[in-house]
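>>> got a predicted structure here, sequence first:
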Amino acid sequence: MGTVATAMIPFPSSVSLSISTQKVLTCLPTLSPLRRRVPRKLHLVKATILQDKEEDKVEQEPLESTSGTLEEWCIKIEQSVNVLLTEVVIKILDALYRDRHYARFYVLETIARVPYFAFMSVLHMYESFGWWRRADYLKVHFAESWNELHHLLIMEELGGNSMWFDRLLAQHIAIFYYFMTVIMYAVSARMAYHFSECVEKHAYSTYDKFITLKGEELKSLPAPEVAIKYYTEGDLYLFDEFQTSRAPCTRRPKVENLYDVFVNIRDDEAEHCKTMKACQTHGNLRSPHSQPATTRDESGCPLSEADCEGIVDCIKNSVTPVKTK
Ligand SMILES: [Fe+2]
Ligand SMILES: [Fe+2]
């Protein structure tokens, strides 16, 4: 680490911020990257400049409590609208697909990958105009979209798309959902991410109920080929990439039958929920592969470094096998 210099500087809109500062900044009523370009004169910050070009650590004086109150109200309104929208969609799906499980999952998965494409569209525009550049967001959202695509392929292999009405409905909802998400994301990225979290929560509970209801039957059925390939074969970089709350290579699910496939899909939805929650704090998202790894195994996965808190912990760690799931 280099020497440290401290200075009072105006807060530039393009500076790379530490997470703690970003949390403070989310108290501002405007959250869109577009609208975060504040006048330089209004915000003086105390910055610690690291001469070896490491990320600047910026501290800001506390904002007035009125900003916090306004922000809290904004969050309440956004989340209430999202919950209402989600409940309306769930009611419609419940009415149309009460006992047609695979058709319901096909519709859900057709819709599920749309927001990630919408996020990438808006981020691509921001990048083109030089407004905001974060490669991690594009990478993670593509990996999320790739994961949802494989859920969709699995449902298609199971026959979920066999009726024209289901395809028509899913594809038209997808078009409407895309434009709605683009507008919502441009106005409030936080609101769009929260809406996606609501949708992912619904997906998780839908699959969880299905597994509880049909578990024994599913165990006697074979896994679709596309699921075996996606979860167990080839390069699993993108499979790790969307799971931002865990280190790469720490989740390698088995696929022996259809029950395993639905358990994996349900667990994927839980990972999407965590990622969407993390995204609601601006600038908070990090690719799991962005974490520094000093050593890697033959498959390119980072090896966990030795770590213990004392002699008892050291001995315990040395005799406990490493869990890979
Ligand atoms: Fe999904
Ligand atoms: Fe999902």
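Cool, got the structure. Ligands and ions are numbered 1, 2, ... in the order given.

>>> contacts and neighbour counts: CA atoms only from here.
Will do.

>>> buried residues of the helix or strand encompassing residue 73, list them for me.
Assigned by DSSP states H and E, residue 73 belongs to helix 65-96. Across helix 65-96, burial judged by 16 or more other Cα atoms under 10 Å covers 68, 71, 75, 78, 79, 82, 86.

>>> repeat that for stretch 94-113.
Of the residues in stretch 94-113, those buried (16+ other Cα under 10 Å) are 97, 102-113.

>>> start and end of it, how far apart?
Stretch 94-113 has its terminal residues 20 Å apart, counting by Cα to Cα, to the nearest Å.

>>> can we start the residue count at 48 from this point?
With 48 as the first residue, the last one maps to stretch 141-160.

>>> where do the strands of the protein begin and end?
Taking DSSP state E as the test, the strands found in the chain are 51-57, 91-97, 104-106.

>>> could you tell me the least trusted of those strands?
Of all the strands of the chain, strand 91-97 carries the lowest average pLDDT, namely a mean of 34.

>>> residues contacting the residue of the stretch 248-372 of the chain found nearest ligand 2?
Closest residue of the stretch 248-372 of the chain to ligand 2, Cα to the ion: residue 316 (4.7 Å). For residue 316, the contact set (Cα atoms under 8 Å, 6 or more residues apart in numbering) comprises 247, 248, 250, 251.

>>> surely the last one is in contact with residue 311?
It refers to residue 251. No - look at residue 251 against residue 311 with Cα atoms under 8 Å: they stay out of range, at 10.6 Å.

>>> what residues are up against residue 304?
Here residue 304 is in contact with 265, 266, 267, 268, 269, 270 (Cα under 8 Å, 6+ apart).

>>> re the thing from before, among the buried residues of helix 112-143, which one lies nearest to ligand 2?
residue 133 (13.7 Å).

>>> quick check: the closest one vs residue 330, distance?
26 Å.

>>> same thing with residue 233?
Distance, residue 233 to residue 330, by Cα to Cα: 15 Å.

>>> can you pull out the low-pLDDT segments for the stretch 98-247 of the chain?
Residues of the stretch 98-247 of the chain that meet the criterion pLDDT under 70 lie in 98-114.

>>> the residue in it positioned nearest to ligand 2 - how many residues pack around it?
Closest residue of the stretch 98-247 of the chain to ligand 2, Cα to the ion: residue 247 (4.8 Å). Burial of residue 247 is recorded as 23 neighbouring residues (other Cα atoms under 10 Å).

>>> now swap in residue 283 and tell me
Neighbours around residue 283, by other Cα under 10 Å: 16.

>>> can you check the one 5 residues further on too?
Other residues near residue 288 number 26, with proximity taken as other Cα under 10 Å.
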